[in-house]
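Colleague: Prediction below, plus the sequence it came from.
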Amino acid sequence: MDAEEAVRDARPMRALALALVLLPCPALAQELVVQPYVQDRGPTSAWILWETSAGEESRVEWGPSEALGTSSTGGSIATEGAHRVHEVELSPLAPGTRYHYRVHTGAAVSASFHFTTPALAEAETSFRLVAVSDMQRDAANPEVWGRVVHEGILAQLAEEAPLPDEALSLVLLPGDLVDDGRVHAQWVEEFFAPAADLMALVPFYPVIGNHEENHPFFDAYFRLPEGRVSTDRYWWFDHGNVRIVGLDSNALLYGGAQEALLEDALGPACTEPSIDFVFVEMHHPYHSELWPRGESIFARQVTERMDRFARECGRPAVMFYGHTHAYSRGASRDAAHLWINVATAGGNIDYVGEYDDQYDDPEVQVSQDEWGFVVLDVEAGDAPRLSLRRYGMGSETAGATRVLRDAWSLRRFGQPPAAPTPLLPRGRVAPACTTLSAGALVDPDGDALFAAHFQVAASCEDWDAPLVDRYQAAENVYGAEDRAAGLDPRRAALEGLPADTYLCWRVRYRDGNLDWSPWSAPTAFVLEASGTSDCDDGAPLPPPVPADAGAPAASAPGCAAAPGRANGLAGLVALVLLAVGTAHRRVKTGARARG
């Protein structure tokens with residue numbers, strides 16, 4: 001079976017499960033196996049699901065008060081033996097309204113629960129979501145998912161509103177909900193049971209990971225949004241001022257229905273006035289500092305597509321994922337596109353120093369080896385804004401509970417910083433002058449400096465293939481250490497610059513809202529023994545001499561040759577070595593299967 005066949009429509013899959021699993025059996029007393037939970041809840045409808053040990057009755061009493069008063073029926077799907085998952089749609093509902101409900105399957109009757117419908121998009125109502133992943137049980141630490149839900153998420157919500165559904169609109173889960181998706185008991189006991197108190201009130205929106213093993217249990221347990229070309233394994237919907245897209249990173253992106261769905265979601269979002277941000281949820285990462293073998297080509301393709309969307313449409317994007325069992329926050333260098341690894345909520349942690357191929361990625365600002373969850377507040381209205389909080393829940397060596405470990409915010413609208421002022425080096429300078437430095441950030445919004453991007457080229461006019469391409473952020477948290485602490489991102493110390501060779505450098509600044517300044521004016525310099533040791537000889541180098549005016553053939557294109565100097569073979573070799581040494585991007589592939 002190829003990857004495209006594995007991405008099946010949920011309704012035929014449920015019918016197949018019914019035909020294969022449902023067998024004649026004696027009448028059994030019905031018991032609730034999985035407590036009722038909310039799915040695919042919108043402003044005017046919602047689905048209620050639950051699982052019983054037997055019985056086909058699927059009925060929900062519901063209403064805007066505890067008196068209920070309305071009864072709706074639905075269908076059921078066979079799972080394991082006589083067990084059945086029941087699903088009932090409640091409709092029509094009023095936006096922004098609390099509803100109470102109770103489920104019935106024969107003798108099995110649940111307690112009464114409630115949920116709240118979201119407001120319509122035109123109301124421009126702010127909301128909050130939680131993102132958490134990889135809650136698959138680790139045998140050495142089996143209680144973590146329950147702790148994350150109760151001591152983490154629910155405890156945090158209790159500080160922000162009297163009831164969880166007043167403080168929280170939805171939960172995103174980027175895969176690996178259980179350790180082995182083929183085992184029915186793991187779904188019931190290890191995923192649903194610890195989360196029951198939250199799932200009864202707030203809808204969960206998962207995507208499939210690798211540990212679900214492509215099993216029909218995933219499709220049976222979740223009723224997810226069905227866009228125009230989607231299935232239960234990839235989908236999109238709008239919540240408030242955000243378009244949320246769920247993808248199956250185990251399957252194919254290009255050339256199939258999943259690509260069509262992504263384009264179906266992104267195309268209109270580029271111009272729809274109600275959409276300020278686009279979120280993408282998938283399991284696998286593009287860049288993973290702490291577990292590089294988990295990186296995937298699928299994630300790279302999605303990242304590149306979302307980068308293009310953010311640049312062309314002026315709407316920031318956020319990518320939520322897991323797979324690597326550690327938290328990380330990064331951002332694409334050339335787009336307002338945040339990357340958030342929201343793991344781990346149970347899977348064994350990928351610790352700093354555990355793997356030989358771990359690396360330090362300049363586009364990732366934070367990597368923390370711990371359990372935890374992410375809270376994201378989304379503000380609507382005239383000044384749309386995202387505010388992220390990461391709460392750590394400790395590790396095997398650190399027992400801290402619900403500690404704020406990271407915070408970040410991003411506005412849709414921001415003004416770019418002014419072009420930086422290049423300072424040093426300039427002109428004919430001493431060989432020791434290999435640290436580029438620029439002036440202070442001038443930002444109209446008052447944002448702090450997020451990163452600086454330096455380039456060195458052999459020509460002052462051609463930057464297509466720079467010899468140095470240095471991107472350095474003001475923050476670089478790697479485990480317990482901030483490797484950027486004490487460093488000034490406005491200064492770039494370089495090695496291997498060739499002597500007696502004309503070079504040009506330039507720099508641009510990125511502010512805390514991920515807005516880039518224009519590039520600075522190019523500044524020419526040459527390292528020579530007789531050059532000034534203060535790294536500024538007080539006079540710019542002469543302008544380039546056109547080739548038809550007798551410029552020396554050995555001169556670098558676009559730069560004038562120093563009197564009495566020539567670009568010798570040693571200088572050219574040094575340039576080539578410098579170019580090779582500054583390459584830092586790498587792409588790894590691989591699928592993870594934990595024992």
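Modeller: Great, that's in hand. Numbers count the residues shown, from 1 in each chain.
Colleague: Please tell me how far the closest residue to Tyr359 other than its chain neighbours sits from Ala400.
Modeller: Among residues not flanking Tyr359 along the chain, Glu289 sits closest, at 6.0 Å (C-beta to C-beta, 6 or more residues apart in numbering). C-beta here means a position set from N, CA and C on the backbone, and glycine is covered the same way. According to C-beta to C-beta, to the nearest Å, Glu289 stands 22 Å off from Ala400.
Colleague: higher neighbour count, these two?
Modeller: Glu289 (23 against 14; other C-beta atoms under 10 Å).
Colleague: pretty sure that one contacts Asp357?
Modeller: No - using C-beta atoms under 8 Å, Glu289 is not in contact with Asp357; the gap is 10.1 Å.
Colleague: pLDDT weak spots in the protein?
Modeller: Flagging of the chain using pLDDT under 70 yields the residue ranges 1-28, 227-232, 542-595.
Colleague: residue ranges of the helices in it, please?
Modeller: 3-6, 10-21, 144-147, 155-158, 164-167, 184-185, 193-199, 216-221, 257-269, 297-313, 569-581 (DSSP state H).
Colleague: any idea how the protein splits into domains?
Modeller: 1-117, 126-411, 422-581 (automatic domain parsing).
Colleague: With respect to burial, which of those domains scores highest?
Modeller: Highest mean neighbour count of the domains of the chain: domain 126-411, a mean of 21 (counted as mean count of other C-beta atoms under 10 Å).
Colleague: Just the endpoints, please. Distance across that domain?
Modeller: Taking C-alpha to C-alpha, to the nearest Å, domain 126-411 runs 14 Å from one end to the other.
Colleague: Please apply the same query to stretch 441-448.
Modeller: 8 Å.
Colleague: and what of stretch 127-138?
Modeller: 32 Å.
Colleague: Now do that stretch: distance to the chain's middle.
Modeller: Relative to the centre of its chain, stretch 127-138 is centred 13 Å away, using C-alpha atoms, centre = their mean, to the nearest Å.
Colleague: The residue nearest to Tyr359: what's it in contact with?
Modeller: 328, 358-361, 364, 367, 478 (C-beta atoms under 8 Å, 6 or more residues apart in numbering).
Colleague: ok, those residues vs Pro498, which is closest?
Modeller: Pro498 lies nearest to Asp360 out of the contacts of Glu289, by C-beta to C-beta, at 26.5 Å.
Colleague: Do I have it right that that closest one meets Ala484?
Modeller: No - look at Asp360 against Ala484 with C-beta under 8 Å: they stay out of range, at 10.3 Å.
Colleague: which neighbours do the two share?
Modeller: With C-beta under 8 Å, 6+ apart as the test, Asp360 and Ala484 both reach Asn476.
Colleague: Surely Phe277 is in contact with Leu388?
Modeller: No - if you go by C-beta under 8 Å, Phe277 and Leu388 don't touch, sitting 11.9 Å apart.
Colleague: then stretch 307-326 to PDB, C-alphas only?
Modeller: Taking Å, rounded to 0.1, in the frame of the first residue of the first chain, the C-alpha atoms of stretch 307-326 are listed here in PDB:
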ATOM      1  CA  ASP A 307       7.400  30.900   3.800                       C
ATOM      2  CA  ARG A 308       6.200  31.900   0.400                       C
ATOM      3  CA  PHE A 309       2.700  32.400   1.700                       C
ATOM      4  CA  ALA A 310       3.900  34.700   4.500                       C
ATOM      5  CA  ARG A 311       6.000  36.800   2.200                       C
ATOM      6  CA  GLU A 312       3.500  37.200  -0.600                       C
ATOM      7  CA  CYS A 313       0.400  37.600   1.500                       C
ATOM      8  CA  GLY A 314       1.600  39.700   4.500                       C
ATOM      9  CA  ARG A 315       0.100  37.200   7.000                       C
ATOM     10  CA  PRO A 316       2.400  35.600   9.500                       C
ATOM     11  CA  ALA A 317       2.400  31.800   9.700                       C
ATOM     12  CA  VAL A 318       2.900  29.400  12.600                       C
ATOM     13  CA  MET A 319       3.900  25.700  12.200                       C
ATOM     14  CA  PHE A 320       3.200  23.400  15.100                       C
ATOM     15  CA  TYR A 321       4.800  20.000  15.100                       C
ATOM     16  CA  GLY A 322       6.400  17.300  17.400                       C
ATOM     17  CA  HIS A 323       8.200  14.000  16.700                       C
ATOM     18  CA  THR A 324      11.400  15.300  18.400                       C
ATOM     19  CA  HIS A 325      10.700  14.900  22.100                       C
ATOM     20  CA  ALA A 326      11.700  18.400  23.200                       C
END
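Colleague: quick one: that stretch to chain centroid distance?
Modeller: 5 Å.
Colleague: In contact with Val109: list those residues for me.
Modeller: 102-103.
Colleague: how close does it get to Ile77?
Modeller: As judged by C-beta to C-beta, Val109 and Ile77 stand 20 Å apart.
Colleague: For Asn250, which non-adjacent residue is spatially closest?
Modeller: Distance criterion C-beta to C-beta, 6+ apart; nearest residue to Asn250, sequence neighbours excluded, is Asn210 at 6.0 Å.
Colleague: Stretch 136-149: end-to-end distance?
Modeller: Using C-alpha to C-alpha, the two ends of stretch 136-149 sit 13 Å apart.
Colleague: Same question for stretch 513-520.
Modeller: Distance between the boundary residues of stretch 513-520 (C-alpha to C-alpha) amounts to 20 Å.
Colleague: Which parts of the stretch 1-150 of the chain are strands?
Modeller: Remark: strands assigned in the stretch 1-150 of the chain by DSSP state E, counting those that start in this stretch are 32-39, 46-52, 59-63, 70-73, 75-78, 84-90, 98-105, 108-109, 113-116, 127-131.
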